[in-house]
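Q: Just the structure for this:
(chains A and B)
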2 protein chains.
Amino acid sequence: MEEKILALIEERKFGELKNMLSEMQPPDIAAIFEEAPEKDIPIIFRILPKELAAEVFVEMDSDMQQLLIAAFSDKELHDVIDELFMDDTVDIIDEMPATVTKRILKQTDPKTRQMINQLLAYPDDSAGSIMTTEYIDLKKSMTVEKAFDRIRKIGFESETIYSCYVTDAGRHLLGIVSVKDLLLNPKEEIIGNIMDENVIFANTLDDKEYVAGLFEKYDMLALPIVDKEERLVGIVTVDDAIDVLQEEATEDIEKMAAILPSEHSYFKTSVFDTFKARIPWLMLLMISATFTGAIISGFEDKLINFGARIAFIPMLMDTGGNSGSQASVTVIRAISMGDIEFSDILRVLWKEIRVAFMCATALVSINFIKLFFVDNLLLGNFDNGKVIVEICVVSATLFCAIVVAKIIGCSLPILAKKIGFDPAVMASPLITTIVDAISLIIYFFMANLMLGAV
Amino acid sequence: MEEKILALIEERKFGELKNMLSEMQPPDIAAIFEEAPEKDIPIIFRILPKELAAEVFVEMDSDMQQLLIAAFSDKELHDVIDELFMDDTVDIIDEMPATVTKRILKQTDPKTRQMINQLLAYPDDSAGSIMTTEYIDLKKSMTVEKAFDRIRKIGFESETIYSCYVTDAGRHLLGIVSVKDLLLNPKEEIIGNIMDENVIFANTLDDKEYVAGLFEKYDMLALPIVDKEERLVGIVTVDDAIDVLQEEATEDIEKMAAILPSEHSYFKTSVFDTFKARIPWLMLLMISATFTGAIISGFEDKLINFGARIAFIPMLMDTGGNSGSQASVTVIRAISMGDIEFSDILRVLWKEIRVAFMCATALVSINFIKLFFVDNLLLGNFDNGKVIVEICVVSATLFCAIVVAKIIGCSLPILAKKIGFDPAVMASPLITTIVDAISLIIYFFMANLMLGAV
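A: This next block holds a predicted model:
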């Protein structure tokens, strides 16, 4: 398919190309543009029907958009911008250099320009930054028939027509009525009688992740957004909410892997930006691991004197680290999904302690069997006089390390959230480093206690 | 709010309770049920208006649903089931013991029962398992007016009325028409002229994650699902797609943290189930860490003879592990999001190698400065004769470990996906274990090369 289209471009068969592209979906056409020779891009864009062209434009990355804008005449630019929804226009402008922004704003009428500037002013992570201002507003006194007239009149320009918002003269939100309600009620019914007054709404300055979470919880298609005076100023649609939920999950995953969150997809992020996102945590964790090293060197000789084995250290540290990150990652995701709040901390601790005891019992048992039967009897790796004590030191360390790791792993993210830190940053790498050090200290303590006295 | 309602329940003020609950959203009412005394639950449920009651029922967890079903008369059960959408009914039945399932099926008419059984038969991860069979179907020859008549007739029972599907006599999907199209066209227009024939659809057996991905890509409200003979059998709605996307992200996160994916939210999963999800990987990784330990014991004496330090091992292993999991986690998420495919493997490698060289250069420089100026000059930790060689051993090891870790981290998930394994399982813990061992071997090799000869 893609090859065929690229061949048509090369052969300059624009008629056939137009027919093929017109039957495709905007994201797929945008993908074709990525592959096409740069010089042909404006030509191909111009053969698209006007409405489709605008939809494709929205799906492109900002480099491609900038390339096209540079090739556009003022009239062409005006036509494309005119077809866009307000939130898409703002997203595009957000990524453009100042000169391009200026050119775009010049092609919009003063009212639109004012609206764009207002939307651009909302903080990046706010509901205002993802809302659009094109929605259907109705009055309480309208009949269903009048409502349909209004939808027919302004529906072309609304991002969704399926949720209509009933407002008073001061633009305060009174209720919501869906097109389904309108269709299933008689023409002469009054909107005020059929509207639902229990409206779920959000504020322009609410966190966009909170807003996206409302979509997940209440299964909505659109959410009305009000300003500080509770006046309706826009709506967020479900497609934008999905994007926010996906971005949020990606960010959490990146933070758990000790990466600073990036804005763009894998190949759209430059090598240097990827480097910048990864190096700070790598450096911090490298430095902090030298402390673990320092603990080992401090106790190395004593350990060997006790007869305890350095060889157990990776197993003890890894198992502690893995136990801790299992707990922390589970809790962090549950916090993101709204399942765990600060008030749940004791419930979480109680659950994790029980899980930790079960995990510790199972792992210590397996480890005991392995050490006693395989390492001791089969391989004869132990000095016979001390075998039981040595195995006890390792077992006790393992048990304590797992329990401590789970407790730290589950409580740190909740505490971080409470004091306004990002719980995801508290995840595996940082917790692993803390747990590594603690596992080592427990090992030395146990060795000293049991082997030091022998 | 919640306290007030619980107080009303205790004081048996059911009139006031009914008024308050009727103005709340179903998920919030379901949350109230979780807190209410068990014996009051059927009474409170009965005071809810019929339609709201069904919506609340869907939001409850299956224990609560089972408790209510046990308290229902056959008539009550029939009324609730009657109000549910087909996909919700199937979801509920899926979680119930056989006796309860039988009782529910007895309350449905033969046609519905057949449909439910058919939906229950789809594999758990298929599009069929999340679709509903209640949608609006239209004929090509209908006028817009006739289409509205049909929507008014069957719209009450459809999960969404906003996407209508045009089928032929054999139920083959011909096109799609939105209510927006219907509203913005004259009454006498023929559906065949306004329908969009470029329909995005999926097959009943397609993976549900693939289907959810289509929603994200194409910004749809509903997706038609066809069977093997390309006959329309159902639709998936955007709210279910959101749930699948969120579940998928949670699963990926769990797998990256060496946890088997769980079906339920944190507190809904029992302690024993949490234990079962966590213990297999902990055990496997504990066993595999003993190999790392074996490598250390095998080379320990030689290392000390060379004058290389055990104390550097945690720093080398951790930095390698972190570098590798940064690459693997980024690639795994990009695979999930559809940004990386197998054919991209060389592009990914080329990018990761460049990032690895930048990270390695930065980290080795910092480490060199720390070792030479702080550890050597300030703390005098080194034997003066060998200081430069020792620092070179550590630096060379660090450099190689980072580059190797990034290469393994980015390529393993892609290769796993190619041979049909789950890329997320290849993530941090497994890669960390592999990279740990490799970092150690590099360290011994470098020490042997540079210090062995000294």
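
Q: Tell me, how many residues neighbour the closest residue to residue A:296 other than its chain neighbours?
A: Leaving aside its sequence neighbours, residue A:296 sits nearest to residue B:311 (C-beta to C-beta, 6 or more residues apart in numbering or on different chains; 5.3 Å). For the C-beta atoms, the positions are set from N, CA and C on the backbone; glycine is no exception. Per other C-beta atoms under 10 Å in any protein chain shown, the neighbour tally for residue B:311 reads 17.

Q: Hmm, residue A:291 and residue B:311 touching each other?
A: No - Residue B:311 is beyond contact range of residue A:291, at 10.3 Å (criterion: C-beta atoms under 8 Å).

Q: Buried residues, the lengthiest helix in chain A. List them.
A: Of all the segments assigned as helix in chain A under DSSP state H, the longest by residue count is helix A:271-306. Neighbour counts over helix A:271-306 (16 or more other C-beta atoms under 10 Å in any protein chain shown) mark A:274-275, A:277-279, A:281-283, A:285-290, A:292-293, A:295-296, A:299-300, A:303, A:306 as buried.

Q: Next: stretch A:334-341.
A: A:334-337, A:340.

Q: and which of those residues is nearest chain B?
A: residue A:334 (4.0 Å; C-beta to the nearest C-beta).

Q: residues in contact with the helix or strand harbouring residue A:89?
A: When secondary structure is defined by DSSP states H and E, residue A:89 falls within helix A:86-95. Helix A:86-95 is contacted from outside by A:57-58, A:62, A:65, A:81, A:84, A:101, A:104-105, A:108, A:112, A:115-116, A:119-120, A:129-134, A:159, A:240, using C-beta atoms under 8 Å, 6 or more residues apart in numbering or on different chains.

Q: which of those residues are buried?
A: A:57-58, A:62, A:65, A:81, A:84, A:101, A:104-105, A:108, A:112, A:115-116, A:119, A:129-134, A:159, A:240.

Q: Out of the residues you listed, which sit inside helices?
A: A:57-58, A:62, A:65, A:81, A:101, A:104-105, A:112, A:115-116, A:119, A:240.

Q: Make TSV out of those residues and add pLDDT.
A: Below are those laid out as TSV (pLDDT from 0 to 100):
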residue	pLDDT
A:57	92
A:58	91
A:62	86
A:65	91
A:81	87
A:101	89
A:104	89
A:105	89
A:112	86
A:115	87
A:116	88
A:119	89
A:240	93
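
Q: which two from those end up farthest apart in space?
A: A:105 and A:240 (22.4 Å; C-beta to C-beta).

Q: Excluding sequence neighbours, find me the nearest residue to residue A:55.
A: Per C-beta to C-beta, 6+ apart, closest to residue A:55 is residue A:26, 4.0 Å.

Q: Retrieve the pLDDT associated with that neighbour.
A: You'll see residue A:26 listed with a pLDDT of 91.

Q: Walk me through the domains of chain A.
A: Segmentation of chain A into domains, based on automatic domain parsing, reads A:2-121, A:136-245, A:267-450.

Q: Go through these and pick out the most buried.
A: domain A:267-450 (a mean of 20; mean count of other C-beta atoms under 10 Å in any protein chain shown).

Q: Between its first and last residues, how far does that domain reach?
A: 55 Å (C-alpha to C-alpha, to the nearest Å).

Q: And for stretch A:179-187?
A: End-to-end distance (C-alpha to C-alpha), stretch A:179-187: 12 Å.

Q: Around chain B, pick out the residues from the stretch 351-454 of chain A.
A: By the rule C-beta under 8 Å from any C-beta of the partner chain, the part of the stretch 351-454 of chain A lying against chain B is A:351, A:354-355, A:358-359, A:362-363, A:366-367, A:370, A:428-429, A:432-433, A:436.

Q: Take these and keep only those in helices.
A: Those of those lying in helices (DSSP H): A:351, A:354-355, A:358-359, A:362-363, A:366-367, A:428-429, A:432-433, A:436.

Q: Throw the residues you listed into TSV and include distance to residue A:49 and pLDDT, thanks.
A: Below are these laid out as TSV (distance: C-beta to C-beta, whole Å; pLDDT from 0 to 100):
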residue	distance to residue A:49	pLDDT
A:351	58	93
A:354	63	94
A:355	59	94
A:358	63	94
A:359	61	94
A:362	64	94
A:363	64	94
A:366	66	92
A:367	68	91
A:428	50	58
A:429	50	66
A:432	55	80
A:433	57	80
A:436	61	85
